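Peer 1: pasting the sequence and the predicted model now:
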4 protein chains.
Amino acid sequence: MNTKYEEVLKACLECLEACNTCFDACLKEEDVKMMAECIRLDRECADICAYAAQAITRNSPFTKQIIELCAEICERCAEECAKHDYDHCQRCAESCRKCAEACRKMAA
Amino acid sequence: MNTKYEEVLKACLECLEACNTCFDACLKEEDVKMMAECIRLDRECADICAYAAQAITRNSPFTKQIIELCAEICERCAEECAKHDYDHCQRCAESCRKCAEACRKMAA
Amino acid sequence: MNTKYEEVLKACLECLEACNTCFDACLKEEDVKMMAECIRLDRECADICAYAAQAITRNSPFTKQIIELCAEICERCAEECAKHDYDHCQRCAESCRKCAEACRKMAA
Amino acid sequence: MNTKYEEVLKACLECLEACNTCFDACLKEEDVKMMAECIRLDRECADICAYAAQAITRNSPFTKQIIELCAEICERCAEECAKHDYDHCQRCAESCRKCAEACRKMAA
């Protein structure tokens, strides 16, 4: 893979982990209804991060477009997660913001 | 792709659609907590069906093992969905059972 | 899933199948080197089609952006496949073009 | 995610990167025909590693079965890559073997 993508790859993999950890934890919370949008966006965000990681490492001709989409989905997931006080949500919001920034910087 | 897999491919694609439709609908139900295990398994099942569809169509050397795993996950998802009276759950359970059968038959 | 997406979903699934069939066939051709770009783009295109199918069926809030990206990747894959006379390439080019059109129409 | 899976997750992500790097490099080699099986298995292996990473991090009820399948695919990819002297193939074979071992150990 192109080494200039190392930082964004790392950010995507950390975000994938944080989103899936949050997805699993949200499904176990007492008030699942309150977490419904978070569950939905965690899946969206984990999936685009996995897809971006594949694209980056195989040197996809579409990497730029894919990480731009990744930034947008990460931002939306960060916004939703930030609303909830749970540790898993706060950590997820932080990982999503970092990943969005890394993607935006790289795509620019 | 190998035409002998046509039936199982069709079953996987229908199951993918039913599981994701059920995932989306469960997240919108009044009592989301009751649907938590269904939401989790819908995602598991949609993902293995998508993975199996990719494997079948690219003539993967691991198709047999992948559709065996697909059968197992479909069976678990069918079991959970069958517990709930919602139309989306009953339809999903039916698609999962059909897909599991098609996978078992093909893998045998 | 939202029924207005039925046509584009169908196009994505047919394109996924055509791209993976072409990927497998290209790897078995006599002159694999000539097919290298086709192999690369078949994988790119199959993967975005699988991802779009997941997004559409789970009613993703990002469906519009995902199918726009799908259209772009399909167009590039169609262009490459159209250069080769093999049946699997011509069929793939046709499926990619149809999928690109369905995605563009839907996203508009 | 369950922290006992940390080592296997790390191995899967390194293997994903090595396989996709090898996939891209093989497509650019002079003799692509000689690399055809490597290209095919690199994709198979990258995809199961991505799938395993998703399963592990979302605490999938099927993690054990998925990493067993991952081990099998990694072993086959390692075998094929080990036949070729290219650095990208040798590095990929090494990552595949490590990942297979981590998966086997964890699944036991």
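Peer 2: Cool, the structure landed.
Peer 1: so who does the residue nearest to residue A:63 when sequence neighbours are not counted touch?
Peer 2: Closest residue to residue A:63 apart from its sequence neighbours, by Cβ to Cβ, 6 or more residues apart in numbering or on different chains: residue A:55 at 5.1 Å. Bear in mind the C-beta positions are built from the backbone N, C-alpha and C, glycine included. Residue A:55 makes contact with A:62, A:63, A:66, A:67, according to Cβ atoms under 8 Å, 6 or more residues apart in numbering or on different chains.
Peer 1: equivalent analysis for residue A:2, please.
Peer 2: Shown in contact with residue A:2 (Cβ under 8 Å, 6+ apart): A:56, A:59.
Peer 1: where does pLDDT dip in chain A?
Peer 2: Applying pLDDT under 70 to chain A flags no residue at all.
Peer 1: quick one: furthest residue from the center of it?
Peer 2: For chain A, the largest distance from the centre (Cα atoms, centre = their mean) belongs to residue A:30, which lies 24.1 Å off.
Peer 1: could you pull out the buried residues of stretch A:7-20?
Peer 2: For stretch A:7-20, the neighbour count (16 or more other Cβ atoms under 10 Å in any protein chain shown) marks A:8, A:9, A:11, A:12, A:13, A:14, A:15, A:16, A:17, A:18, A:19, A:20 as buried.
Peer 1: now the residue farthest from the centre of chain A, what's its secondary structure?
Peer 2: Put simply, residue A:30 is coil when judged by DSSP: H, G, I helix; E, B strand; the rest coil.
Peer 1: skipping adjacent residues, who's closest to it in space?
Peer 2: Excluding the flanking residues, the one nearest residue A:30 by Cβ to Cβ, 6+ apart is residue B:33, at 7.7 Å.
Peer 1: can you report how many residues lie near the one you found?
Peer 2: Residue neighbour count, defined by other Cβ atoms under 10 Å in any protein chain shown, stands at 15 for residue B:33.
Peer 1: got the contact list for it?
Peer 2: Counted by Cβ under 8 Å, 6+ apart, residue B:33 has contacts A:30, A:31, A:32, A:33.
Peer 1: can you tell me how far it is from residue D:55?
Peer 2: Noted for residue B:33: a distance of 24 Å to residue D:55, by Cβ to Cβ, to the nearest Å.
Peer 1: tabulate the contacts of residue B:33 (CSV), appending distance to residue D:4.
Peer 2: Below are the contacts of residue B:33 laid out as CSV (distance: Cβ to Cβ, whole Å):
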residue, distance to residue D:4
A:30, 26
A:31, 28
A:32, 26
A:33, 31
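Peer 1: which of the residues you listed lies closest to residue C:51?
Peer 2: Of all the contacts of residue B:33, residue C:51 sits closest to residue A:32, with 26.4 Å by Cβ to Cβ.
Peer 1: name all residues that make contact with that closest one.
Peer 2: Residue A:32 makes contact with A:26, A:39, B:32, B:33, B:35, B:36, according to Cβ under 8 Å, 6+ apart.
Peer 1: one more time with 10 Å
Peer 2: Neighbouring residues of residue A:32 by Cβ atoms under 10 Å, 6 or more residues apart in numbering or on different chains: A:26, A:38-39, B:26-27, B:29, B:31-36, B:39.
Peer 1: interface residues of chain A facing chain C?
Peer 2: Residues of chain A lying near chain C by Cβ under 10 Å from any Cβ of the partner chain: A:37, A:40-41, A:43-45, A:47-48, A:50-51, A:54-55, A:58-62, A:65-66, A:68-69, A:72-73, A:76.
Peer 1: I'm done for today, thanks for sticking with me.
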